[in-house]
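**Student:** Below are the sequence and a predicted model for it; my questions follow.
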Amino acid sequence: KPQLSPSTTILLLLLENYIRFPPHIVDLLMVVVVDVMAGEQEAAPLSHTAHEGQREVLGALHPRTLHSLHGVADLLMQQGKLAEAEPLHREALEGQRRVLGENHPDTARSLEGLEEVLGENHPD
């Protein structure tokens, strides 16, 4: 197993203790994880754990929960796990359409993410 940088180790510790932070801090941590750890295998399970915590505390259709689901899907996509990313993008998009509406920026980002995954899965 490769040695993790100190900053990555700190991120992992923060995400392991996600439930102690307000949802907006968890969102921010997930963004940092996607940017810093996209190539590291530990990132996806930790992001998924943080998302599940939000789902448990806030509910499946809360905008922050849907936003974090999109983040998990993006991370999986960046790691080349398109088959895992596609259903998460679909779930985030469906929920955002219901809760936020078709014209909300988060809905548009989820649609773009799904289109990107589908484009990668089925190149012309």
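**Tutor:** It's in.
**Student:** in this structure, which ranges drop under the pLDDT threshold?
**Tutor:** Filtered on pLDDT under 70, the chain yields the residue ranges 1-44, 46, 121-124.
**Student:** Which parts of it are helices?
**Tutor:** 6-16, 23-37, 43-58, 63-78, 82-99, 105-121 (DSSP state H).
**Student:** From the contact counts, what lies against the third one?
**Tutor:** Just to be clear, that refers to helix 43-58. Here helix 43-58 touches helix 6-16, helix 23-37, helix 63-78, going by 3 or more C-beta pairs under 8 Å, 6 or more residues apart in numbering; DSSP states H and E. For the C-beta atoms, the positions are set from N, CA and C on the backbone; glycine is no exception.
**Student:** tell me the angle of it relative to helix 82-99?
**Tutor:** Here the directions of helix 43-58 and helix 82-99 differ by 30 degrees (axes from the mean of the first three to the mean of the last three C-alpha atoms, to 10 degrees).
**Student:** buried stuff in stretch 79-89?
**Tutor:** Residues of stretch 79-89 classed as buried: 79, 82, 84-86, 88-89 (neighbour count, 16 or more other C-beta atoms under 10 Å).
**Student:** One more: stretch 48-55?
**Tutor:** For stretch 48-55, the neighbour count (16+ other C-beta under 10 Å) marks 48, 50-51, 53-55 as buried.
**Student:** One more: stretch 106-120?
**Tutor:** 106-107, 109-111, 113-114, 117.
**Student:** could I have that stretch exported to CSV, CA atoms only?
**Tutor:** C-alpha atoms of stretch 106-120 as CSV (Å, rounded to 0.1, in the frame of the first residue of the first chain):
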residue,chain,number,x,y,z
ASP,A,106,-27.1,21.2,-9.1
THR,A,107,-29.6,19.4,-11.4
ALA,A,108,-27.7,20.7,-14.4
ARG,A,109,-24.4,19.4,-13.0
SER,A,110,-25.9,16.0,-12.4
LEU,A,111,-27.2,15.9,-15.9
GLU,A,112,-23.8,16.8,-17.2
GLY,A,113,-22.2,14.1,-15.1
LEU,A,114,-24.6,11.5,-16.3
GLU,A,115,-24.0,12.6,-19.9
GLU,A,116,-20.3,12.3,-19.4
VAL,A,117,-20.5,8.8,-18.0
LEU,A,118,-22.8,7.7,-20.8
GLY,A,119,-20.4,9.2,-23.3
GLU,A,120,-17.5,7.3,-21.8
